[in-house]
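[1] A structural model of the following input is requested.
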Amino acid sequence: MNKIFKTLAISQQVAHKMDPGSFILALLLSLASSLLASFLYSYFYEHRGTGSQVHRAFPLLGLSITTLFLGIQMSLPLSLGLLGALSIVRFRTPIKEPEEVGFVMLVIASSITCAIFQFQLLEILYLVAILTLFLRRGIRFWKHHGRDGILILSLKDQEAGLYLDKIISYLQTGASRNVLETSSSQEGKTSLQFSFTGLKKDVAQLQKDMRELFEVQTAHVFFSRPGGIR
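    Here you go, the predicted model:
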């Protein structure tokens with residue numbers, strides 16, 4: 001019982017220290033950090049075609065989490081009730097992009113940091129996060145040792161022998177790197193598969209040029225991941 005009363009006393013001390021100015025400051029900083037996370041998501045990943053646009057929820061998510069943890073600090077019974085209530089919460093909408101998990105955790109971490117008034121940790125968190133994002137975009141080593149996607153061309157056997165070198169030369173100007181991976185012939189048709197990195201041309205224009213310049217019958221472009229050409 002003594003431990004319980006001691007814990008309740010500490011909780012009451014936290015509640016007395018929670019003046020309206022501190023509460024508003026925590027909420028404003030949480031909102032600012034959530035908006036920054038939303039901007040970072042938009043800048044680095046919004047072009048992904050299959051994303052769920054989760055960054056639109058970041059501002060309200062940050063405010064809600066900060067208020068939640070501020071309330072927990074001010075009342076031990078409330079914190080126990082919230083623990084039971086949150087245990088039944090389930091998210092039925094799947095996260096469609098892996099990086100969305102990281103950004104949601106970033107918003108949660110920054111919101112909790114604001115709720116405990118550790119603003120220096122908030123600065124360090126976002127400084128490291130921003131540096132990580134820019135370093136990941138700036139490093140070209142991984143891109144040159146992987147591939148953004150594949151290009152599959154289908155044309156007649158005689159056209160394949162006539163245009164193969166020209167197709168390779170064209171792709172060298174249209175992508176940072178390309179490699180002819182496979183070539184197969186069946187029933188008078190040749191299928192060429194190229195892997196490419198750093199596509200410089202619009203996909204529709206690339207397919208149009210292949211049909212008009214090299215008499216390609218079909219041209220299919222498959223990306224390794226959404227937004228992989230960026």
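
[2] And Leu131, its phi and psi?
    phi -60, psi -40 (degrees, to the nearest 10).

[3] show me the contacts for it.
    Shown in contact with Leu131 (C-beta atoms under 8 Å, 6 or more residues apart in numbering): no residues. (Each C-beta comes from the backbone N, C-alpha and C, glycine too.)

[4] any idea how far the residue nearest the centre of the chain is from Leu133?
    Centroid-nearest residue in the chain: Glu99, 3.3 Å away (criterion: C-alpha atoms, centre = their mean). Here Glu99 is placed at a distance of 9 Å from Leu133 (C-beta to C-beta, to the nearest Å).

[5] who touches both of the two?
    Shared contacts of Glu99 and Leu133, defined by C-beta under 8 Å, 6+ apart, comprise Phe44.

[6] and Ile150, that one's in a strand?
    Yes. Assessed by DSSP: H, G, I helix; E, B strand; the rest coil, Ile150 belongs to a strand.

[7] hey, what's it bridged with?
    Counting by DSSP bridges, Ile150 is bridged to Ser195, Phe222.

[8] Enumerate every residue touching it.
    Per C-beta under 8 Å, 6+ apart, neighbours of Ile150: 181, 193-196, 221-222, 224.

[9] do the same with Phe119
    With contact set as C-beta under 8 Å, 6+ apart, Phe119 has these partners: 29, 113.

[10] and what of the one 5 residues further on?
    Residues touching Ile124, when contacts are defined by C-beta under 8 Å, 6+ apart, are absent altogether.

[11] Let me know the closest of the contacts of Ile150 to Ser64.
    Taking C-beta to C-beta as the measure, Ser64 lies nearest Ser224 of those, at 36.1 Å.

[12] Leaving out chain neighbours, which residue sits closest to that closest one?
    Nearest non-adjacent residue to Ser224, counting by C-beta to C-beta, 6 or more residues apart in numbering: Gly149, 5.3 Å away.
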